[in-house]
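J.: whatever this is, show me its structure:
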Amino acid sequence: MEIVLALLAVFGLGTGAGVFVIRNLYYICQPSEVLIFAGGRRRVGDREKKVGYRLVKGGSSVRVPLLEQAFRMDLSNMIIELKVNNAYSKGGIPLTVESVANIKIAGEEPTIHNALERLLGKSRQEIEKLAQETLEGNLRGVLASLTPEQVNEDKIAFAKSLLEEAEDDLEKLGLVLDTLQIQNISDEVEYLDSIGRKQRAELLRDSRIAEAQTQAESVIRAAENQKNTALKQIETEIALARAEAERRIRDATTKRQAVVAEAEADIGSEVARTQAEVAVQKERIKQVEQQLQADVVAPAEAQCKRAIARAKGDAAAIVEPGKAQAEGIRKLAESWKAAGTNAREVFLYQKLEELLKIMVSTVPAVDMDNVTVINAQGGSNATKMAVFFEELKQTAGIDVAAAVESMIESGKKSAESRK
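T.: As a prediction, the model looks like this:
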């Protein structure tokens, strides 16, 4: 306003002319629009780029006469009805999609500059048609990446995917997609109807399964209730049986004490009787032992002693001669050892008398005047003995023949005396 007044003062215009100038140069911007004053060069934001216009959003501004030209751009929503026919989805199923989109021209930088470059001067119908064609192209692209089931089952996700797909393209045009609502999805080959029938069949199947599960659970609960009832009944019977068993145990315990007392009394009397009998048997055993001692043991001991004495006498009769004979043999061995090499001849000479007695006792009586010894060197043992006897008579004066004869005579006399 100050600028306008200053201009009026400069040009010296009156009041009527001032009102006319204000009407043509002063612009008020509504909240749902933006004013564009074309002319001059201005820096856009913090960038080095300069544009030939300035923007006014809300408030008011004055157009510089002769230098600027004013334009208005509506920022209100545009409702666009979208209908795509025979849009092939993933899998080759053609779909028909009906939706409604709310679009407006961007009122914020830097998108608004794209809108000014591409949409300034176009009518609202032209802008709606451009946005519609852009959205239809995006819609077909999104449908090509989704199956009919995905499109039909999750419309919100489908709309979100469409918003993301169309955002870049609309931003390049300077447009903003506020909302997008999918109203209807259909197809001419009745694929979605078959999906619906399938879903209904699945729902019916699930309901029947749920019903069967409910019935099964009901049967199971009834069986569990019956089982619990039976278990409680069994537990009650077990408790009754335990109580009866405990009662019987108590009765048996009481009876046991009586039976034990009775048995103890019987056993005590039997023990006493047995002890008395034991005393009697002990005395009887003593009596039997004494009788056996007198009748059997004492005579046996006496007989044993006599047998021992007799055995000792017999043994002495054997032992003493044996001792004497052993002593004689020992002395003979000592004499033999002391005699040295001539011990054998001495032993033979000692035994000669006994040998001769034995020999003479077997020879009949023979009268001999002389014994002639013939030297028979190298003769038999009898010849050598005869020579020996003769030499003994000549040298030692021992007449062996006479001694033999006397011995024979004495032997005959002793034989006759024994007879």
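
J.: run the chain-centre distance for the helix or strand encompassing E277.
T.: E277 belongs to helix 191-292 when assigned by DSSP states H and E. Distance of helix 191-292 from the chain centroid (CA atoms, centre = their mean, to the nearest Å) equals 35 Å.

J.: mean confidence (pLDDT) on that helix, please.
T.: For helix 191-292, mean pLDDT is 83.

J.: that one - contacts with which helices or strands?
T.: Contact analysis of helix 191-292 by 3 or more CB pairs under 8 Å, 6 or more residues apart in numbering; DSSP states H and E lists helix 148-153 as its packing neighbours. All C-beta spots, glycine's among them, are computed from the backbone N, C-alpha and C.

J.: mean confidence score for the helix it packs on?
T.: 71.

J.: what's the next secondary structure element after that helix?
T.: Helices and strands here follow DSSP H and E; after helix 148-153, the next one along the chain is helix 155-173.

J.: and that following helix, which residues are buried?
T.: By 16 or more other CB atoms under 10 Å, the buried positions in helix 155-173 come out as 155, 158-159, 161-163, 165-166, 169-171, 173.

J.: quick check: domain ranges of this protein?
T.: The record's domain split for the chain, according to automatic domain parsing, is 2-73, 76-189, 363-418.

J.: pLDDT on the first one, on average?
T.: The reference is to domain 2-73. The model assigns domain 2-73 a mean pLDDT of 72.

J.: from here on, count from 11
T.: With 11 as the first residue, the last one maps to domain 12-83.

J.: could you identify the most distant pair in the buried residues of helix 165-183?
T.: K165 and L183 (25.4 Å; CB to CB).

J.: roughly how far does A282 sit from V288?
T.: 10 Å (CB to CB, to the nearest Å).

J.: before we move on, what about I137?
T.: Taken as CB to CB, the span from I137 to V288 is 139 Å.

J.: about what we covered before: just name the closest of the buried residues of helix 165-183 to R128, please.
T.: Out of the buried residues of helix 165-183, the member with the shortest distance to R128 (by CB to CB) is L183, at 5.5 Å.

J.: that closest one against I122, yeah?
T.: No. Counting by CB atoms under 8 Å, L183 stays clear of I122, with 11.5 Å between them.

J.: thought P158 was touching D197?
T.: Yes. In terms of CB under 8 Å, P158 counts as a neighbour of D197; the distance is 7.0 Å.

J.: which residues are in contact with both of the two?
T.: Applying CB atoms under 8 Å, 6 or more residues apart in numbering, one finds that P158 and D197 are jointly contacted by 103, 105.

J.: and T189, which of the three is it?
T.: strand (DSSP: H, G, I helix; E, B strand; the rest coil).

J.: nearest spatial neighbour of it, skipping sequence neighbours?
T.: Excluding its sequence neighbours, the residue lying closest to T189 (CB to CB, 6 or more residues apart in numbering) is N112, at 4.5 Å.

J.: dump the residue contacts of that neighbour.
T.: N112 touches 87-90, 187-190, counting by CB under 8 Å, 6+ apart.

J.: that one belongs to a strand?
T.: Yes. Looking at N112 with three-state DSSP, it is inside a strand.

J.: how far away is it from L105?
T.: Counting by CB to CB, the gap from N112 to L105 is 23 Å.

J.: likewise for E274?
T.: Distance from E274 to L105, by CB to CB: 107 Å.

J.: and the two? Which one has more around it.
T.: More crowded of E274 and L105, by other CB atoms under 10 Å: L105, with 23 against 11.

J.: which element is the more buried one on?
T.: strand 104-115.

J.: now that strand and helix 201-302, what's the angle there?
T.: 110 degrees (axes from the mean of the first three to the mean of the last three CA atoms, to 10 degrees).

J.: counting by contacts, list what the very next helix or strand once past strand 104-115 packs against.
T.: Scanning forward in sequence from strand 104-115 by DSSP H and E, the next helix or strand is helix 121-129. Packed against helix 121-129 by the contact rule (3+ CB pairs under 8 Å, 6+ apart) you find strand 60-66, strand 79-84, strand 104-115, helix 165-183, strand 185-196.

J.: now do helix 121-129, average pLDDT.
T.: Mean predicted lDDT for helix 121-129 stands at 83.

J.: could you count how many residues lie near Y63?
T.: The burial count for Y63: 20, using other CB under 10 Å.

J.: name the SS class of L76, please.
T.: Per three-state DSSP, L76 ends up coil.

J.: in contact with it, which residues?
T.: L76 touches nothing, counting by CB under 8 Å, 6+ apart.

J.: gap between it and A211?
T.: 77 Å.

J.: same check on A412?
T.: For A412, the distance to A211 - CB to CB - is 167 Å.

J.: got it, and K341?
T.: 144 Å.

J.: and D179, by the same measure?
T.: Going from D179 to A211 by CB to CB gives 41 Å.

J.: and R258, by the same measure?
T.: The value you get for R258 to A211, if CB to CB is used, is 68 Å.

J.: with G49 instead?
T.: 70 Å.

J.: ok, now A334?
T.: 141 Å.

J.: just list the residues touching T121, thanks.
T.: Neighbour list for T121: 181, 184, 186 [criterion: CB under 8 Å, 6+ apart].
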